[in-house]
Each structure stands twice: as structure tokens, then as C-alpha cells.
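*Asks:* just coords:
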């Protein structure tokens, strides 16, 4: 498969410690079109990213993962990408899985491919499985789409899909909003299993976001509140 | 009586001039200026003639006139908070779009040429 027109989008916020390694691991898999969107980081994420030769865009003000991802998707569209893949920039996604997401689109079997941590994933903490399931049901409730991992940021989009979606929600809930738009545009969705690399860095970073901690629950509640607000106030 | 005088003097010395100056600076539209003026004048009238509150309450079918004010205040607060939410939401979306446009300017000016 020709990787020339495959673009990898990395939304990044304060990932200066790991971004270089993440970019290099993606390049090692043969993907050289990498777009990093620095979402108003207060560390050296931007400088480190620039030094790797990746296309680096900067949000002057932090707007959230959803806003940064949409900026990256817009950039890929401007650069005429055939397939665009989004990954988390903290190194929790394995670049070796990119091929699994890209292949169904290249073979015209799907418009959007979701990397699912819930398909055949072993060793995932039970608390995370529970939070993911709650996220899935919330997504189903608000957008009518039921998938196994609605909050996964590891996704691939065809050119047609990129033209059809444009999210307006700035934070984590954009993943769910995106699924709603994919459904409305009648795009073909496929889910493939992915592995998550639980490093000390990603665990420490996300234990407050996804774990079954009070903070994790609070973030979940905030997400539901924002979804309700978005439904009421467009 | 002292309290009534103090409030009236305060409104006359600070609120009305401030209202007028905002109107002159065009921070307030003529309609908003009139509405605020009527509200403050009504407030002053009620301070000096509190029995008028009872008449207003009765005309709304509320036994205790103060209840009418509480109800109106609650409705107003909900409405005001809704309007604020709409505005904040709009401003937040505008900031994101502006941020995105600035970020993508680099793509248009540099990277697109290289592709």
C-alpha cells in the first residue's frame, strides 16, 4: 500500500516529553506525513515537534482535544489526503496498528475505521471497561450510534468521510459527536481491534481522566452535561 | 427614612449619570437605556411608596406581594442565564474557529507549496 497520501494527525497538549518518540515510531512504520496540532501547550511540545520535521500547527489558546483534532483533519483536507488517521500523542496507541485501520478504507470496504480497545483487549482495567461502556451508551442515547469503543481517538477516515464531517464540540465529547455525523452522512463504519500501550506516562496522565476515580467520574459527568447543552444550544 | 434617602441619593448621584454616560458612549441602545431608566425609577417609586407593591401583587393574583417579585426575579434569572449561556457558547465557538484559521494559515502559506 502506498503511504504517500496517508496523513497522520496528532492532537497534542503538553506532550513535550514523549512527542518526539511518538513521531519517530510512526515514521518507523513508513508514514512520513505527520500533522501535529499543538493545542496551546505550555511546555516545549511545539518546538520538539517542529524539530522532527512534522507539519506542526499551533492553537494559540488551548481549546481541547476535539478542536485540535478537527484542526488536524482540516489540515489533512487542505493537503489533499486520501486517508487520514488520528492517534493520541501520548504514545498509548501502537503505530503498528495503523495498517489495520487504513486497509479497509484502501480496499473500499469502509469510510471510517475505529480502533477499538474493547475488541479482544486483554488486561484492560475493569474500571476503564466500565467507563467505556458508559461512554458507548451515552453516545447511543445522544447520537443513535452503538459501537464498542465510542471514545477511542485512534480512527481512520477516507477522503469522502473528511468531506462529510465537521465537529463543533471542543473537548472529549467530540468523539461521540463525530459518530453521530458519520451516521447522518451514511458512511460505512468498521471497527478493528487495537492494542493500548499502558506506559507509566500514559497511565499517570489518564488515571484522572479515564480511571474509576472521583475525578474520572466528574469528567464523565461534565461530558454528559456538555452533550446535553449542545443538544439544547446549538 | 434615612435608608430611603441614602438609596435615592445614591441612585441619583451614581446610577443615573452612569446610565446616561453609557447611553452617550453607545454602550447601551436607546431601548436598553429606556428599560433600565424605567426600572430604576420604578425602584425609587416603590422605595418611597411601598404599599404600591401590594397593589401589584394583588393584580397578579398573588396573596403576598413579595412572592410576585420572587417569581419574576426567578424567571428573569433563568432567562438571563440562558442568554448568557448562548453568548458564551457563541464566543467559545468563535475563538475555536479563529484559533483554527490562524493555525491553518501556516498550511496555506508554507506546507501546501511543498506538497
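*Replies:* Now that the structure is in, tell me what you want to look at. Since we're looking at a predicted model, the values are computed, not measured.
*Asks:* which SS class is the residue in chain A positioned nearest to chain B?
*Replies:* Residue nearest to chain B within chain A: residue A:57 (4.1 Å; Cβ to the nearest Cβ). Where C-beta positions appear, they are placed from N, C-alpha and C, glycine not excepted. What DSSP: H, G, I helix; E, B strand; the rest coil gives for residue A:57 is strand.
*Asks:* for it, list the residues it contacts.
*Replies:* Residues in contact with residue A:57 (Cβ atoms under 8 Å, 6 or more residues apart in numbering or on different chains) are A:35, A:36, A:37, A:38, A:71, A:72, A:75, B:103, B:104, B:106, B:107.
*Asks:* my guess is residue A:96 meets residue A:29, correct?
*Replies:* Yes: using Cβ atoms under 8 Å, residue A:96 makes contact with residue A:29 at a distance of 6.3 Å.
*Asks:* how many neighbouring residues does residue A:117 have?
*Replies:* Neighbourhood size, residue A:117 [other Cβ atoms under 10 Å in any protein chain shown]: 21.
*Asks:* same deal with residue A:19?
*Replies:* Other residues within reach of residue A:19, judged by other Cβ under 10 Å, total 29.
*Asks:* look up the closest residue to the residue nearest the centre of chain A, ignoring the ones flanking it.
*Replies:* Geometric centre of chain A, nearest residue: residue A:153, 2.3 Å, by Cα atoms, centre = their mean. Once flanking residues are discounted, residue A:153 sits nearest to residue A:88: 4.8 Å by Cβ to Cβ, 6 or more residues apart in numbering or on different chains.
*Asks:* show the pLDDT at residue 19.
*Replies:* Let's take chain A. pLDDT recorded at residue A:19 is 96.
*Asks:* sorry, I should have been clearer: chain B.
*Replies:* pLDDT, residue B:19: 88.
*Asks:* so it sits against residue B:28, correct?
*Replies:* Yes: using Cβ under 8 Å, residue B:19 is in contact with residue B:28, at 7.3 Å.
*Asks:* name the residues contacting each of those two.
*Replies:* residue B:36.
*Asks:* before we move on, the earlier item: let me see the contact set for the residue nearest to the centre of chain A.
*Replies:* So residue A:153 contacts A:11, A:65, A:69, A:86, A:87, A:88, A:93, A:175 (Cβ under 8 Å, 6+ apart).
*Asks:* quick one: which of those is nearest to residue A:160?
*Replies:* Among the contacts of residue A:153, residue A:86 lies closest to residue A:160 (Cβ to Cβ), at 16.3 Å.
*Asks:* ok, the nearest residue to that closest one once chain neighbours are set aside - how many residues close by?
*Replies:* In space, and not counting its chain neighbours, residue A:86 is closest to residue A:9: 4.7 Å by Cβ to Cβ, 6+ apart. Residue A:9 is flanked by 29 other residues according to other Cβ under 10 Å.
*Asks:* for the strand or helix carrying residue A:9, packing partners?
*Replies:* Secondary structure assignment for residue A:9, by DSSP states H and E: strand A:6-12. Helices and strands touching strand A:6-12, by 3 or more Cβ pairs under 8 Å, 6 or more residues apart in numbering or on different chains; DSSP states H and E, are helix A:19-28, strand A:33-39, helix A:65-78, strand A:83-86.
*Asks:* tilt between that strand and helix A:19-28?
*Replies:* Strand A:6-12 and helix A:19-28 are oriented at 170 degrees to each other (axes from the mean of the first three to the mean of the last three Cα atoms, to 10 degrees).
*Asks:* one step back: let me know the pLDDT of the residue nearest to residue A:153.
*Replies:* With respect to pLDDT, residue A:88 has a value of 94.
*Asks:* what about the nearest residue to residue A:68 once chain neighbours are set aside, neighbour count?
*Replies:* If the residues on either side of it in the chain are set aside, residue A:68 comes closest to residue A:11, at 3.5 Å by Cβ to Cβ, 6+ apart. Counted by other Cβ under 10 Å, the residues lying close to residue A:11 total 28.
*Asks:* all helices of chain A, in order?
*Replies:* A:19-28, A:45-51, A:65-78, A:98-106, A:126-143, A:159-164, A:174-184, A:200-206, A:214-232 (DSSP state H).
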